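Student: turn this into a model:
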Amino acid sequence: MSVTETATDGGKTETKMPTMNLSAEDTEELRLLDAAVNRIRKQIPKTPYIMSVPYAEPRYHHPDR
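Tutor: The predicted structure follows:
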């Protein structure tokens with residue numbers, strides 16, 4: 001969902017312009033931002049891989065120890 005989209009009952013989105021009085025330039029900028037965010041969302045998996053450091057032995061120590 002974005003500034004120009006609202007969710008409907010079926011989970012689909014419906015394009016609707018904001019009720020604020022925006023200039024054509026602002027509206028176009030919001031549309032471009034929505035498109036950029038949608039491109040990013042398509043590339044990110046639903047469950048992103050989270051990197052972690054193992055906490056079991058061998059422990060990670062600074063070399064001076």
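Student: CA only for contacts and neighbour counts going forward, please
Tutor: Fine.
Student: could you pull out the helices for this structure?
Tutor: For the chain, applying DSSP state H gives helices covering 24-43.
Student: name the helix or strand of it that has the lowest mean pLDDT.
Tutor: strand 5-7 (a mean of 60; mean pLDDT, DSSP states H and E).
Student: could you give the mean pLDDT of stretch 25-33?
Tutor: The average pLDDT for stretch 25-33 rounds to 95.
Student: could you measure residue 34 against residue 24, distance?
Tutor: 15 Å (CA to CA, to the nearest Å).
Student: ok, these two, which is more surrounded?
Tutor: The neighbour comparison of residue 34 against residue 24 (other CA atoms under 10 Å) goes to residue 34, with 17 against 9.
Student: mind checking how far the more buried one is from residue 50?
Tutor: 26 Å.
Student: near residue 37, how many other residues are there?
Tutor: Neighbour count of residue 37, defined by other CA under 10 Å: 13.
Student: same question, residue 35
Tutor: 13.
Student: go on, residue 31?
Tutor: Neighbourhood size, residue 31 [other CA under 10 Å]: 17.
Student: with the one 10 residues further on instead?
Tutor: A total of 11 residues lie near residue 41 under the criterion other CA under 10 Å.
Student: next one, pLDDT for it please.
Tutor: pLDDT, residue 41: 92.
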